[in-house]
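Q: got a predicted structure plus its sequence, pasted below:
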Amino acid sequence: MTEREQRWALITGASAGIGEECANVFAQNGFNVVLVARREDRLRKHANWLESKYGVETHVIQADLEKADACHAVFDETERMGLEISALVNNAGYGVPGHFSASEWAHHEASIELMVTAVCRLTYLYLAKMKEHHYGRIINVASLAALVPGSAGHTLYGAQKAFLVKFSQSLWAENYGSGVHVSALCPGFTYSEFHDVIGVREQMSELPKFMWMDAKTVAEQGFQAVMDNKPVYVNGRWNKFVAWMARHLPPSLIEAIIRRQSAKVRRQEV
Amino acid sequence: MNTDQARERWALVTGASAGIGTAFARDLAARGFNVVLVARRAERLNQLGAELEDQHGIKTLVAAVDLSQGGARERLFKATEAQNIQIEMLVNNAGFGIDKGYTEQELDDQAAMLQVLVTTVAQTCRLYLPGMVARGHGRIINVASMAGVMPTIIGQSLYGACKSFVIKLSENLHLEYGDKGINVTAVCPGLTRTEFFGPANMEDDVKDVGDFAWSEPEEIAALGIEAVTAGEPLALPKGFYRTYARIVGLLPRWVQYWMVRKFNKTASGTNPH
């Protein structure tokens, strides 16, 4: 058995979208996969499919990472099963729509638990092991929202994703040369195959098509980025262009653009 | 009584028992604000409160809470509500550092850091924003750090990420609520002469850094108050840091990363293996 065949990748939020596609791309590249999400039946179905399609081993863990002890429960389970986690994809996340002060704090707090606290914890638990083995691949799924000023409805989300970008950059530098790679993945608007299947892709947005990418491409690029040890990877030419503009245009101009965008959102809310 | 109340302006400062927090409390009191002083150490707060009341003829309210504990923020909010205190100026300053590499730190310390530097900042904003929006006026200063702006070195992985969160949250809130009369500013101190470095075991790391890189806490407080008044979402100390950030910002990312790796190798005895 080659070393590679024993490697396991653990993916959170693996039941749909970018998480599901990340599981595919790691399996395709010979990693066994641990799928973590809340919906166990979906995970099982996908795990079976991965086993038959790529001939890899899989393991399913049902977990709600917003819960305080969930990360330790996940870690304990992989330890108990003797799975050596060589790759970790912190993907689970969502945005709380609407104005920041319009949503209950409990919703915001749950999203912080999932997108900040759980990411830090899982990384802490598995990173130490990766360093021991001199091999590790960590992808933190951030967002273009981390790199551009946020319009209303993305206020906390953008901050959480900015956290992940900075966290990844720092850990990347801290572990450089140790065999552990850390990447923040920054996709823009992403649709998943799911939308194609049920035929709603056209209705999803009035935004032009070139702004959209599919989850499969995002995941494939993310895999390549972490293998190449890129600390921050922005998916797609359009998103790269937007990120570049946000970095180089005068702040006052960007602010004016975002305020206009927010005003549009508000009109839609009314 | 009504007219008196209308004239009353209240500020709330977290981490008011030392350093930049104390400087904010003093500055705001001198500008005529009544101040809610928040920190863990009641004794220090009582002393500061008495001093400020005596010097500036303002009112103070001492709230001794540990912001790393869940429920602390709600209790704080309830305490100010119970006193019918309307917060016009919110200063999220409480924070601390941890040394060592990410996996050498204690998980409990990291959890406390996330509670104080991330959750508390977002939650106090969420708690006090509606009142500010209703009154059509509010000022929020979130004390971030140059560590949130510039590439971080070993030992700052979590701290720098928290401060990036604070900066982004401030910018985004500023954009979202600016037209409702609310200004939000992230002020980013560099090295500041406070008690920060002792508890974080970082005194040796910073003792040889030249004067040009140091600020007094009073300068940071004034910088933050002036920036939030002027409606600037991001405030960096004049001189060294502002220049440095501009230069580093112009460099391609790969040069920035190369610099950090170089610095990590030379400045730290921590072996990444």
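A: Alright, I've got the coordinates. Numbering: from 1, shown residues only, chains lettered A, B, ... in the order given.

Q: which residues in the stretch 1-150 of chain A form helices?
A: For the stretch 1-150 of chain A, the helices defined by DSSP state H, counting those that start in this stretch occupy A:17-28, A:40-54, A:70-80, A:105-112, A:118-133.

Q: try the stretch 51-200 of chain B
A: Ranges of helices in the stretch 51-200 of chain B, per DSSP H, counting those that start in this stretch, are B:72-82, B:107-114, B:120-135, B:157-177.

Q: output the below-cut-off pLDDT ranges for the chain.
A: All of this is about chain A. Across chain A, residues meeting the criterion (pLDDT under 70) sit at A:1-5, A:151, A:192-207, A:261-270.

Q: my bad, the chain I had in mind was chain B
A: For chain B, the ranges with pLDDT under 70 are B:1-7, B:264-273.

Q: mind doing that once more with 90?
A: Applying pLDDT under 90 to chain B picks out residues B:1-8, B:70, B:97-100, B:146-156, B:190-215, B:238-273.

Q: how about the strands in it?
A: For chain B, the strands defined by DSSP state E cover B:10-14, B:34-39, B:60-64, B:87-92, B:138-143, B:182-187, B:191-192, B:214-215, B:234-235.

Q: ok, and which of the helices of the stretch 51-200 of chain B has the densest surroundings?
A: Between the helices of the stretch 51-200 of chain B, helix B:157-177 has the highest mean count of neighbours, a mean of 27, where neighbours are mean count of other Cβ atoms under 10 Å in any protein chain shown. For every residue, glycine as well, the C-beta is placed using N, CA and C.

Q: quick one: that one to chain centroid distance?
A: Helix B:157-177 sits 11 Å away from the centroid of its parent chain (Cα atoms, centre = their mean, to the nearest Å).

Q: CA atoms only for it, dumped as CSV, please.
A: Output of helix B:157-177 as CSV, limited to C-alpha atoms (Å, rounded to 0.1, in the frame of the first residue of the first chain):
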residue,chain,number,x,y,z
SER,B,157,-2.0,33.9,13.9
LEU,B,158,-5.2,34.1,15.9
TYR,B,159,-4.7,37.6,17.2
GLY,B,160,-4.1,39.0,13.7
ALA,B,161,-7.1,37.2,12.3
CYS,B,162,-9.3,38.6,15.1
LYS,B,163,-8.1,42.1,14.3
SER,B,164,-8.8,41.6,10.6
PHE,B,165,-12.3,40.6,11.6
VAL,B,166,-12.6,43.8,13.7
ILE,B,167,-11.4,46.0,10.8
LYS,B,168,-13.7,44.4,8.2
LEU,B,169,-16.7,44.5,10.6
SER,B,170,-16.0,48.2,11.3
GLU,B,171,-15.7,49.0,7.6
ASN,B,172,-18.8,47.1,6.7
LEU,B,173,-20.9,48.6,9.5
HIS,B,174,-19.7,52.0,8.5
LEU,B,175,-20.9,51.4,5.0
GLU,B,176,-24.2,49.9,6.1
TYR,B,177,-25.1,52.5,8.8
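
Q: just checking, what packs against that helix?
A: When contacts are defined as 3 or more Cβ pairs under 8 Å, 6 or more residues apart in numbering or on different chains; DSSP states H and E, helix B:157-177 packs onto helix A:155-174, helix A:251-269, helix B:107-114, helix B:120-135, strand B:138-143, strand B:182-187, strand B:234-235.

Q: among the ones you listed, which is nearest residue B:194?
A: Judged by Cβ to Cβ, the one of the helices and strands packed on helix B:157-177 that comes nearest to residue B:194 is strand B:138-143, at 11.1 Å.

Q: near chain A at all, that closest one?
A: No - judged by Cβ under 8 Å from any Cβ of the partner chain, strand B:138-143 stays clear of chain A, getting no closer than 10.4 Å.

Q: chain B contacts on the stretch 151-270 of chain A?
A: For the stretch 151-270 of chain A, the residues found near chain B under the criterion Cβ under 8 Å from any Cβ are A:151-152, A:154-156, A:158-167, A:169-178, A:231-232, A:247, A:255, A:258-259, A:262.

Q: drop anything exposed from those.
A: By neighbour count, with 16 or more other Cβ atoms under 10 Å in any protein chain shown, these hold A:151-152, A:154-156, A:158-167, A:169-176, A:178, A:231-232, A:255, A:258-259, A:262 as buried.

Q: what does the stretch 1-150 of chain A have sitting close to chain B?
A: Residues of the stretch 1-150 of chain A lying near chain B (Cβ under 8 Å from any Cβ): A:99-101, A:105, A:108-109, A:112, A:116-117, A:120-121, A:123-124, A:127-128, A:131, A:134, A:146, A:149-150.

Q: and with 10 Å instead?
A: Residues of the stretch 1-150 of chain A lying close to chain B by Cβ under 10 Å from any Cβ of the partner chain are A:68, A:71-72, A:99-105, A:108-109, A:111-113, A:116-117, A:119-121, A:123-132, A:134, A:145-147, A:149-150.
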